[in-house]
Structure formats: C-alpha cells, structure tokens
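Asks: got a sequence here, can you build the structure:
(2 chains, ligands or ions: 3)
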Amino acid sequence: MTKDFSVHVEHLTRVEGHGNITLDVKNGTIEKIQWSVVEAPRFFEAMLRGQQYNELRAITSRICGICSIGHSLASLKATEDALNVSISEQTQLLRRLAIHAENMQSHILHIGYLAAPDFLGVGSVFPLLASKHKETVLKIVKLHRLANEMSDLICGRTIHPIRLVVGGFSMVPTKKQLLTLQKRLKESKPVVHDVAKILLSVADAIPQFTRETEYIALSSDDEYALYEGVLNSTDTGRFHEYHNYQLLTNEYVVPQSTAKYTKHNRASYMVGALARFNLNSKQLHPWAQDVAKMFNLKPINYNPFMNTIAQLVEFAHSIDDSIQLIDTLLDRGIKEEKPTKVVVKSGRGVGLVEVPRGLLIHDYTLNSKGYCIKANCIIPTNQNHANIQQDMEKLVPEIINKTPKEIELILEMLVRAYDPCISCSTHYLDVTFK
Amino acid sequence: MSTKPRVAVFDFADCEGCELQIANLEEEILDLLEIVDIVSFREVMKEHSDEYDIAIVEGSIMRPMDEKRLKYIRSKAKILVALGACATIGGVNKIRNQWMPEEVMKDVYGNAKVKGNELFNVNKTKAVNEVVPVDYYIHGCPIDRDEFKHVITALALGKKPEIPTYPVCVECKKNENVCLFERGMYCLGPITRAGCKAICPTNGSPCEGCRGLVKKAETECVWEVLERYNLSYEDIRRRCTMYNYGRAECGAQ
Ligand code: SF4
Ligand code: SF4
Ligand code: SF4
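Replies: Ligands and ions are numbered 1, 2, ... in the order given. Have a look, this model is predicted:
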C-alpha cells in the first residue's frame, strides 16, 4: 500500500517526563522512526560533587518522585559499600519492605492510572469515574493508597523517604503498626484478584507483538531478587563483578535525546518487571505465579506490552512477600536501633537494586573526608531507550496498514508499557558519541 | 459551560514528585474535582486545553526553550501557582549553580557534540519567579498534600490562601519532638519556613530547608543555637546550599 503520513507525538502523556515519537512514511516506505527524550538535563552527577556522604541519599532521591525509595536504597548501598558499613538484619528486612512498598505503589499507578485508560479506550482515568468502570477505579485507588501508606509507615514519607539513612533507619515502625499493615495486606488480596480479572477481560487490547531481545536483571539464589542479587542476562548469564557494571551497561549518547542509551550483547536490552519475570519467575510466591498463569505469561516472554502484566504479577508477589517479611520482623522483635556508626574514609562504592522500572545503579567515589568527588547513576529507563527504538523499528512495518491514528496509539502504548521514567533518565557522565 | 475554574498542571525540570503528591490525594482528588476542572495534566491525562484560569507550574527553568514555554503559559493564565521547591526556590537543581553551565555540561556530557542542539542549551537553574511573575507558592520537596488542597480550595473560592511564615521549629515543638540538636544532629528548622508539620524532625531526620528560608529569621536565636552546640556558621551555610543555594546568608549574619 502506498501512502504518505507522519505521526508526531510531542510530550507523550501519562508517562513520567518528556518524550517524543516521530514517524515519517512516504510512498508507504518508512523514512524515519524515532523515540527521543527532550527532558531538560538536570546534571545530578555534577550536583553530587562536594556533597557529604550522608547527604547523597537525600539529593539523589530527587532524581525521581516515583522511585525515590529505590534511588535512596541504591544510594545508601553505594555509600555503605564505599565506607564499608554493614547493616543490621532488622535494617535489611525493613529495606526489603520499603522496596515492596514502592514496587506496589509504582506498579499500580502504572497499571491503573497510566496504562488502563488505553485498554478501556479513554484518555485518562478521570472519565472512567463517571462510567461503569467507577468501581474498578476505586479498587485501584484502594491498592494505591495501601502501597502509599505502607511507604509512609516504613520510610516516613511516600515521596522522598525520610527514615532511610546511612547505616540504618532514623525511626522504625512499632509492632502494632506492622500488625495493622499486615492485616491490610491480607485483606487486599481479593481486591488484587478482582483487578486482575478485570484486566484479563480487556487483555485483548494488549497488542500481539514479539521481538527477541536480551533481558537484564538482578538474580539471587535465595529469592526473587529486588534488594540484593547479582547481575544476570538472558543472553550471557550471571556477571559477578558488580564494580565493573560498565562492562554490561556500555552507555552512549544519541543526538535526539538528553538521556543516554545503553547496550550489551545485542543492539539493545530490556530491564524492568518483564526482564525480572523472564529471569526469575520460578522464585515468585505461588499466588503471583497463579496470576501469571491467568494471563498465560511464561518465561521467556518477548512481548514488551506484557510488561504491564508482569507488573501485576509482581504486585501480587510483593503482597505475599511483605506479609512474610512482617512475620519475620515480629518473630525476632522490632526495636529502635541506632544506625551503624560510620568511620569516614576514602573509597568507591557501587549500589545495585531492582526498582519498579528495572535495574538501578549508583556509583560514588568519596575522598578521605567523606565528600563525594565522582558519581555515576545508571537509570532503568536509560537502559530501555534503545530497546524501545528497536521495538518501534520492528513494530511499525507490522502495523503500517492501520490508520495513522491507530499507529499513533499503538506506539504510545508501546512506550507506556515500558513505564518510562524520563525525567530520571537525563543524567550522565563521561560520555562520548558512538 | 461550567463556572468552575479551569486548572492546568505543567512540569519543567524536576522529579515530578509534587505532581505525584497530587495523584496521591487518591479519593480526595474527587472532592477537588467538584470545585475545579482539570483541563491539562500531562502526567496523568491525554487531553489538553490551552484555555485555563489557574496554571500550576512544577519544576525549575533550565533552558531558553523552557523560558519561552513558561512565558506562554503565564500569558494564558489568570493565576500562576509555583508548585514545590524546584519551582518556588529552584530546589536541589540550584546546587549546580555553583559552577558555570559550560562546566557541568562538560562534566556530564564529556566530549559529546551537543553544541547548537537546543535540547542541550542550558542556562543556570532558575526558580519560576526568576522568569515570570508568580502569584502563589506551594512550598516543599515534595509539597504537603493538605497544603495543596488548602491552596487550591482557597483559590477556587476566590480567597487568598494562608501559608505559614514562622519557622519549622514551631511545628516541631507542637509535635513534642526532642530537638535534634540535643541528639547531636544539625537541623535547619530554626530558619526554614513551616507548613510541612515538621515532617523530617518528627521522623528523626534533620530539616534540610526545602520550604525555603523564613523571611525574617530570628538571627539571634540561630546564633545562640550555633554557639550552644559549638557549631560553625560555615557548616550551616553549607547545609543551606542543598535547597537554598545563593539565597541570602541563611538567616545568620
Ligand atoms: S520540589 Fe522536590 S518533589 Fe517536587 S518536583 Fe522538585 S524535586 Fe520533585
Ligand atoms: S531545630 Fe529542628 S529538631 Fe530542633 S526544634 Fe527546630 S525543627 Fe525541631
Ligand atoms: S522539615 Fe524541613 S526539609 Fe523536611 S519537609 Fe519540612 S521544610 Fe522540608
């Protein structure tokens, strides 16, 4: 079919940050497909220069409002790695709870508020409130609220946590508060099940598209890795040298984007819920595995649109794992503890965690007085940009016979499926053009 | 046509945490929707309209292209509200103002060829009122949800919202916290504008000054605190740079 048309989406909506999609077709031939990030660069790595070790956490938290807990944890791990600070078992357990809280709030925000309107054919969640879907929206609101209140309880605040500090916590929840939280988590399970059923009923709207690619995430022998694990790739297996993570991420700059791109074994790789599912699904709690079965989601799934479903599966996992973590915390007795005392020294530290959108790395070098002299942060969305571009290049020819409006929507849905967090992705260091 | 004021939300360089605080109002957003119409809010909706009465602007202003967009927004709005520290005082984004833009560009982009590319044309970080007049401020990093509701409700009813002018210590005392100075920490509560319910000290962490400095700090009291705990002015100055880089002399002289 010969036709001329262009799709230009400026400042894609219902994603975090500013991104554009450009597609030009002339005589039925694709002249240009481009995913670009136009966010103003914020220079976080430069901003960390000269800051004291115990302030790095608070500053880097401000890279992203949605994953501020994840940034805090990556930052603390890097700082503690540089200063050889070990943390207590209680701190470990509470940090794991913090990660679940954030994963849950971020995933449900994406599934319910950002992605679901596409499945239901509306522009935002607001019109749904006046429709037959009002009950569904209220269920999603309920889960979102629970996840936020869990963040408040563990971290002191949902956005930009306060209680997470180098070596431990500035304050911990009480036994009573944890018990109440656990009860609410248990009560939320039927609500999650309802949301899953509703999503299943509209799952036809998820495009059937596949493209083989590499998936990278942390993996651990002990559990479904989020807080701790080693780097792992579906192409090349485990990579233990976490201080040399650059060998895996290989960042580079492209002119259409203020965020940098990465690649490893192929032209691109993907991180995030689907990557984690593809690598570690066997370690999910049984209930989460059931949710995956409802959608026939099996590893290795090569459909990026299924990332949203993988998020739902992880949501279920986080609920069950949190219930179990609270049991462990209560069995050993929760108590106020002072954060581990820090002996300031020079050194380099790297912190890796799995945040809602995927692998997050912070890397700091401190001088002998504990001030930061060099920093690097590798953000999940950066690692996905090249994969989004590659997906678009394979996807467009497959849908070229649809109307420009339909093509535009599918491309928007593709980007949204990655749940990109564009404003975080605009930070980099020591980069050169490829 | 409805008579409710039309509200549009815009973001510039920031983490979008303040917008997320709006989403985090959950069911309470529904109450706000009774009194205002949200006509643009890119983070959560696809619809967009250029006709609005109240523009809520989040984020700091970094590039000429952003200044242009902000001026356009200002020209369309009857009331402009700066949302969160990035917009009200430049936020953490101002930390980099201690270096020239060319320097940080080189630091971060190395030798990448970005000259002439307007996406990368970066000035020093500016707060919104350094580019266009601002009518009202919602302080904090992130903003406090209750304060947001209070300000928007007042504006929708045509009233002037009240924002505290006293320091965080007042709210901290109300919460009956043990002062962090007593616990060997260093807190900017005495010189920072209240309104956050002293959330940081109440969670055992020092205030970092995210709501900006009180207009008239009790400088004597600040000096007394510094003296009593054997702390230096240099230290308080350095701490102030996290949120208040280049602003006044941090209350103390
Ligand atoms: S003020 Fe803080 S929370 Fe709000 S957008 Fe800026 S960095 Fe994010
Ligand atoms: S200095 Fe800080 S901890 Fe002490 S009273 Fe003031 S706000 Fe509270
Ligand atoms: S206590 Fe200080 S840093 Fe914390 S929210 Fe209030 S003003 Fe901001």
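Asks: what residues does the stretch 51-200 of chain B put near ligand 3?
Replies: Contact residues, the stretch 51-200 of chain B versus ligand 3 (CB under 6 Å from any ligand atom): B:G140, B:V168, B:T192, B:C196, B:A198, B:I199, B:C200. C-betas here are computed from N, CA, C, even on glycine.
Asks: near chain A, from those?
Replies: Contacts with chain A within these, counted by CB under 8 Å from any CB of the partner chain: B:I199, B:C200.
Asks: quick one, strands of chain B?
Replies: Using DSSP state E, the strands of chain B run over residues B:6-11, B:37-41, B:54-58, B:79-83, B:136-138.
Asks: with mean neighbour count, mean pLDDT and distance to ligand 1 added, can I get these in a markdown table?
Replies: Output for those, formatted as a markdown table (neighbours: other CB atoms under 10 Å in any protein chain shown; pLDDT from 0 to 100; distance: least, CB to the nearest ligand atom, whole Å):
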| stretch | mean neighbour count | mean pLDDT | distance to ligand 1 |
| --- | --- | --- | --- |
| strand B:6-11 | 23 | 92 | 8 |
| strand B:37-41 | 20 | 83 | 14 |
| strand B:54-58 | 27 | 95 | 5 |
| strand B:79-83 | 23 | 97 | 7 |
| strand B:136-138 | 23 | 96 | 10 |
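Asks: list just the one of those strands that sits closest to A:P404.
Replies: strand B:37-41 (23.4 Å; CB to CB).
Asks: partners of the closest one in the sheet?
Replies: Using DSSP bridges, the strands paired with strand B:37-41 are strand B:6-11 (parallel).
Asks: distance of B:V225 relative to ligand 2?
Replies: 7 Å (CB to the nearest ligand atom, to the nearest Å).
Asks: in the stretch 101-250 of chain A, which spans are strands?
Replies: A:164-165, A:168-169, A:214-219, A:230-233, A:237-239 (DSSP state E, counting those that start in this stretch).
Asks: in the stretch 151-300 of chain A, what residue lies closest to ligand 3?
Replies: Closest residue of the stretch 151-300 of chain A to ligand 3, CB to the nearest ligand atom: A:I162 (7.2 Å).
Asks: which residues sit in contact with the closest residue to that residue other than its chain neighbours?
Replies: Leaving out its chain neighbours, the residue that sits closest to A:I162 by CB to CB, 6 or more residues apart in numbering or on different chains is A:G156, at 3.5 Å. Taking CB atoms under 8 Å, 6 or more residues apart in numbering or on different chains, we find A:G156 in contact with A:I162, A:R163, A:S170, A:M171, B:I199, B:C200, B:N203, B:G204, B:S205.
Asks: turn those residues into a markdown table, columns for pLDDT and neighbour count.
Replies: Shown next, in a markdown table, are the contacts of A:G156 (pLDDT from 0 to 100; neighbours: other CB atoms under 10 Å in any protein chain shown):
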| residue | pLDDT | neighbour count |
| --- | --- | --- |
| A:I162 | 97 | 24 |
| A:R163 | 97 | 23 |
| A:S170 | 96 | 20 |
| A:M171 | 96 | 14 |
| B:I199 | 97 | 21 |
| B:C200 | 97 | 28 |
| B:N203 | 96 | 18 |
| B:G204 | 95 | 21 |
| B:S205 | 94 | 23 |
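Asks: looking at these, which is nearest A:L218?
Replies: Out of those, the member with the shortest distance to A:L218 (by CB to CB) is A:R163, at 23.8 Å.
Asks: and the closest residue in space to the closest one that isn't next to it in sequence, how far from B:K160?
Replies: In this structure, A:R163 finds its nearest non-sequential neighbour in A:G156, 4.1 Å apart by CB to CB, 6+ apart. Distance of A:G156 to B:K160, given as CB to CB, to the nearest Å: 32 Å.
Asks: next, count neighbours for residue 215.
Replies: Here I'm looking at chain A. 24 (other CB atoms under 10 Å in any protein chain shown).
Asks: that answer is for a different chain, and I need it for chain B
Replies: Burial measure for B:K215: 9 neighbouring residues, criterion other CB under 10 Å.
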